[in-house]
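> Turn this into a model:
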Amino acid sequence: MAVSIKIILRKDKINNKGEAPLFLRVITYYKVRFLSLKISIKPSDWDSNNNKVRKSHPNSARLNAYLAEKFAEAYNIVLEADTKKQFLSGYQIRDVVMGKRSSDFFEYADKYVASVETEGRIGYYKRTRSVIKKLKEYRKNKKLYFEEITVGFLKNYEEHLRIKYHNKTNTITANLKLIRKIINDAIAEDIIPVNSNPFLRYHMKNEPTKKEFLDEDELLRIENLILSNDSMLFHHRNAFVFATYAGGLRISDVLQLKWENFDGKRLYIKMQKTKTPHSVMLPKKALDILALYKTHESIPNHYIFPFLKNDMDTNNPNTHHDSINSAASYVNKDLKIIAKKAGISKHITSHTSRHTFATLALRKGIGMEYVSKLLGHRNIRITQDYAKIVDLDLEQKMAVFNN
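I've put the predicted structure just below:
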């Protein structure tokens with residue numbers, strides 16, 4: 001049997017009372033694991049030759065009986081697994097010997113996914129649920145113990161995602177980031193030790209993505225398109241242009257804008273994605289678009305743009321999320337038509353307005369820290385991607401000297 005089990009005193013972990021903890025040291029196929037027995041004694045009370053508590057300790061009989069029981073339980077489960085040629089993690093041994101909560105990754109992950117749903121983060125909930133579902137399918141719905149998630153496991157799973165689902169590098173990385181988050185949460189809750197985190201040794205890859213944006217001439221062509229005032233193309237164009245001039249607002253925030261968020265000059269909102277408060281002073285072009293929708297019948301708690309129903313049930317997170325998604329999809333569908341009418345060959349989505357604002361703002365000399373705040377970025381490093389686009393644009397402009 002390629003295993004070894006021994007009770008040891010960890011003198012390297014002596015507490016402020018001068019006591020050291022007792023551990024089960026389990027060696028299986030050259031891999032060493034230490035399982036805490038939740039007992040601490042003074043080093044002078046430990047007989048290392050016989051692996052027993054010395055009789056000098058007042059509770060030696062009771063403690064030795066307990067240690068013998070736990071040793072036997074660990075030995076039996078390891079022997080059974082070795083006989084059946086089954087993989088056995090140290091946490092499986094701990095679960096049986098110490099009666100601790102399961103260290104099954106899926107059990108812990110399911111609790112996390114459920115908590116996300118309870119918080120009403122429906123979009124994120126659906127993404128996390130999908131990631132865990134794919135991992136469960138890969139495991140054929142068998143348990144996955146944290147200790148089984150090794151660097152080798154992650155490499156194999158990465159290849160699986162690439163072959164079966166044809167996932168690109170950034171999609172794979174997004175999947176792995178969720179797995180990493182759940183592992184880090186488990187470490188924070190002391191469910192698994194920090195040195196068992198495979199992401200300390202596993203490098204996730206990222207491929208640069210192209211941020212499509214419009215230059216001033218292209219944006220102006222869209223602004224000046226003649227569209228029927230009673231068409232959705234008209235309203236979707238207006239929403240796109242408004243989002244650009246309103247600091248690159250996300251489509252989810254534009255869709256949910258109400259008159260009560262506007263004081264005549266400035267918007268005050270709570271961002272849908274980050275749940276953080278945000279305000280922006282609107283330039284004239286954004287104000288002109290709002291003027292198209294402002295009437296004497298405008299009610300503070302009604303939506304500014306005619307995309308969502310004013311009586312929509314916002315208390316139901318799933319219904320609310322689906323309504324926003326449906327309206328955003330409609331906007332993106334019409335933006336393709338609008339781009340074609342404007343003679344623009346670029347692939348435009350509602351998010352293009354965000355990229356357009358960022359690049360135009362940087363070109364016009366607005367400082368990166370201000371652009372970052374207007375975009376609602378939590379980290380200025382995200383904004384720096386736009387600065388790289390502007391730098392590249394400047395390099396291309398210098399090519400005129402070659403003509």
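> Pass me the low-pLDDT residue ranges in the stretch 101-250 of the chain, would you?
For the stretch 101-250 of the chain, applying pLDDT under 70 flags the ranges 101-102.
> all helices of it, in order?
Secondary structure of the stretch 101-250 of the chain (DSSP state H, counting those that start in this stretch): helices located at 105-118, 122-138, 151-164, 169-188, 216-223, 232-245.
> Let me know which of those is tucked in deepest.
When the helices of the stretch 101-250 of the chain are scored by mean count of other C-beta atoms under 10 Å, the highest mean neighbour count falls to helix 232-245 (a mean of 22). C-betas here are computed from N, CA, C, even on glycine.
> In space, what's closest to the residue most central in space within the chain - neighbours in sequence excluded?
Among the residues of the chain, the one closest to the centroid is residue 178, at 5.5 Å (C-alpha atoms, centre = their mean). Leaving aside its sequence neighbours, residue 178 sits nearest to residue 131 (C-beta to C-beta, 6 or more residues apart in numbering; 4.8 Å).
> Can you verify my assumption that the one you found contacts residue 172?
No: when contacts are counted by C-beta atoms under 8 Å, residue 131 is not listed as touching residue 172 (10.5 Å).
> Once you drop chain neighbours, what's closest to residue 143?
Per C-beta to C-beta, 6+ apart, closest to residue 143 is residue 104, 4.6 Å.
> Mind listing the residues bridging to the one you found?
Residue 104 forms beta bridges with residue 145, as assigned by DSSP bridges.
> what's near enough to touch residue 11?
Taking C-beta atoms under 8 Å, 6 or more residues apart in numbering, we find residue 11 in contact with 20, 43.
> The same query, at a cut-off of 10 Å, please.
Listed by C-beta atoms under 10 Å, 6 or more residues apart in numbering, the contact set of residue 11 reads 20-21, 43, 46, 48.
> Select from those residues every entry located in strands.
The members of these that map onto strands under DSSP state E are 20-21, 46.
> Give the buried residues for the top strand by length along the chain.
In the chain, taking DSSP E as the definition, the longest strand is strand 31-41. Using 16 or more other C-beta atoms under 10 Å as the test for burial, strand 31-41 gives 33, 35, 37, 39-41.
> quick check, nearest of these to residue 282?
Nearest to residue 282 among those, counting by C-beta to C-beta, is residue 33 at 60.5 Å.
> Mind listing the residues bridging to the closest one?
Per DSSP bridges, the residues bridged to residue 33 are residue 26.
> if we look at stretch 175-185, which residues are touching it?
With contact meaning C-beta under 10 Å, 6+ apart, stretch 175-185 is reached by 105-106, 108-109, 111-113, 124, 127-128, 130-132, 134-135, 146, 149, 153-154, 157-158, 161, 165, 167, 173, 191-192, 194, 196-199, 202, 204-205.
> now swap in stretch 225-236 and tell me
Identification of contacts with stretch 225-236 by C-beta under 10 Å, 6+ apart yields 237-238, 241, 292-293, 305-307, 327, 330-335, 337-339, 341-343, 350.
> of the residues you listed, buried ones?
Among those, the ones that count as buried by 16+ other C-beta under 10 Å are 237-238, 241, 293, 305, 307, 327, 331-332, 334-335, 338-339, 342, 350.
> now for those residues, which pair is the farthest apart?
293 and 339 (23.0 Å).
> Can you check the pLDDT for residue 88?
Listed pLDDT for residue 88 reads 61.
> Correction: the previous question concerned residue 37.
For residue 37, the pLDDT comes out at 87.
> pretty sure it is touching residue 66, no?
Yes: the pair residue 37 / residue 66 is scored as a contact, 8.1 Å apart, by C-beta atoms under 10 Å.
> residues in contact with residue 58?
Contacts were defined as C-beta under 10 Å, 6+ apart; by that measure residue 58 touches residue 45.
> any idea which element it lies in?
Residue 58 is part of no helix or strand when elements are defined by DSSP states H and E.
> Give me the below-cutoff pLDDT ranges for the stretch 251-400 of the chain.
Applying pLDDT under 70 to the stretch 251-400 of the chain picks out residues 378, 380-400.
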